[in-house]
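1. I'd like to go over a predicted model; first the sequence, then the structure.
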Amino acid sequence: MIHTLTLNPAIDKLLFLDKFKKNITNRLRSNDDSLGGKGTHVSVNLKSLGIDNTAFGISYGQTGRKIIHMLSKSGVNVQFIHRDESDSRINYILIEDNGDCSTFASGGIYLDKETIDELINRMLPELKENDSLILSGDTSNCFDPCVYNYIINKLKPLSLRIYFDASGPTLRECLNEFPFLIKPNLDELSQLCDRELRTDSEIIDAISSLDRYHINIVAVSLGENGSIVKCSDSLYRAIPPKVKVLNTIGCGDCYLSGMIYGIEKKYDMEQTLRFATAISAATAESESSVGFNLQRAQELMPMVTIKKI
């Protein structure tokens, strides 16, 4: 069974406009509401692919109820703790016609240790030995920014397969818990290795420097330039097809969802990468920040280039 955890879920207000200009009144072309929070995105994406999963998290107030409703409507098994006081965060995302996206993210409600323990106790009856758990997204609202380490240690007797997608100190500290997969982007890998990375060769050297952590899969996402992935002793370069980009928000979460899908379905790595890259490209063509057109992803799959390095 697959599970996701979102510690700082949100509603994303998507604001579409021709071009954002400072110090004037900008007229919106349209607007929409979408789920926010990386874990919720992965849950919805996996369900769209026919993978049942459980979403854990904590939500507050009317915004929190809307988050739960949107997850449930997508067919996800929602096991959130909900509290009526206060309100879960709302983010604002400006999406320009040229594909540029600017996010204005709220901080979220502070989660103390007692709240995290309550959430862990909610998770324990649902988790089984050797299940998969996706830990992804912001933890800046928690009593400890490296709270994922705390959670992993509490769940360690279950020998869970941990998929990890976070940044900064959270990512650096979690390496010590030997996650099964990590998915840093170029900036996150640069911060992790304390140097700017420009070329494929530099990226590969940086990935190799993580060998001491014995991570099964290191997938470095490079936006429109695809990804470089190390799986055991093999290295792969995935190059996506050229598409008309409408919205880049959520593309990384779709890529991660595709990777998880392929791994859980026991695809070989080249097939997994081709699929993950295609659904990420299909997401970029959509105005939504979560979900994708599966038929379009299947059309794009033959256009993905996979090279073994």
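-> Happy to help now that I have it. Residues are numbered from 1 along each chain as shown.

2. The most centrally placed residue in the chain - nearest residue in space that isn't next to it in sequence?
-> Centroid-nearest residue in the chain, with CA atoms, centre = their mean: residue 253, separated by 3.6 Å. Closest residue to residue 253 apart from its sequence neighbours, by CB to CB, 6 or more residues apart in numbering: residue 41 at 3.8 Å. Where you see a C-beta, it was placed from the backbone N, CA and C, and this is true even at glycine.

3. just residue 120 next, same as before
-> Distances taken as CB to CB, 6+ apart place residue 154 nearest to residue 120, at 5.2 Å, with adjacent residues excluded.

4. which element is that neighbour on?
-> In this structure, residue 154 sits in helix 147-155 according to DSSP states H and E.

5. tell me which strands and helices that helix is in contact with?
-> Applying 3 or more CB pairs under 8 Å, 6 or more residues apart in numbering; DSSP states H and E, one finds that helix 147-155 contacts helix 113-123, strand 132-136, helix 168-174.

6. got the contact list for it?
-> Residues outside helix 147-155 that contact it (CB atoms under 8 Å, 6 or more residues apart in numbering) are 5, 7, 111, 116, 120, 123-124, 127, 133, 135, 139, 144, 160, 162, 164, 166, 170, 173-174, 176-177, 179.

7. Stretch 12-24 now?
-> With CB under 8 Å, 6+ apart, stretch 12-24 has contacts from 26-36, 90-98, 100, 102, 247, 249, 287-289.

8. so of those residues, which ones are in strands?
-> 30-36, 90-96, 102 (DSSP state E).

9. between those residues, which is nearest residue 283?
-> residue 34 (11.9 Å; CB to CB).

10. which residues touch the closest one?
-> Residues in contact with residue 34, defined by CB under 8 Å, 6+ apart, are 11-12, 14, 288-290.

11. Now do it against residue 144, distance only.
-> Distance, residue 34 to residue 144, by CB to CB, to the nearest Å: 29 Å.

12. Tell me the helices and strands packed up against the longest helix seen in the chain.
-> The longest helix of the chain (DSSP state H) is helix 269-284. Counting contacts by 3+ CB pairs under 8 Å, 6+ apart, helix 269-284 packs against strand 227-231, strand 234-239, helix 251-264, helix 294-300, strand 305-308.

13. Comparing the ones you listed, which comes out most buried?
-> helix 251-264 (a mean of 25; mean count of other CB atoms under 10 Å).

14. chain center to it, what's the gap?
-> On the basis of CA atoms, centre = their mean, to the nearest Å, helix 251-264 sits 9 Å off its chain's mean C-alpha point.

15. Give the buried residues for stretch 175-190.
-> Applying a neighbour-count criterion of 16 or more other CB atoms under 10 Å, one finds 175, 177, 179, 181-186, 188-190 buried in stretch 175-190.

16. Just the ones in strands from these, please.
-> Short answer: those in strands (DSSP E) are 181-182.

17. What is the most widely separated pair among the buried residues of stretch 175-190?
-> Between any two of these (CB to CB), the greatest distance is 23.1 Å, for 177 and 186.

18. that older thread, I would like a PyMOL command selecting only the buried ones among the contacts of helix 147-155, please.
-> Here is the PyMOL command that picks out the buried ones among the contacts of helix 147-155, judged by 16+ other CB under 10 Å:
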select buried, resi 5+7+111+116+120+123+127+133+135+139+144+160+162+164+166+170+173+174+177+179
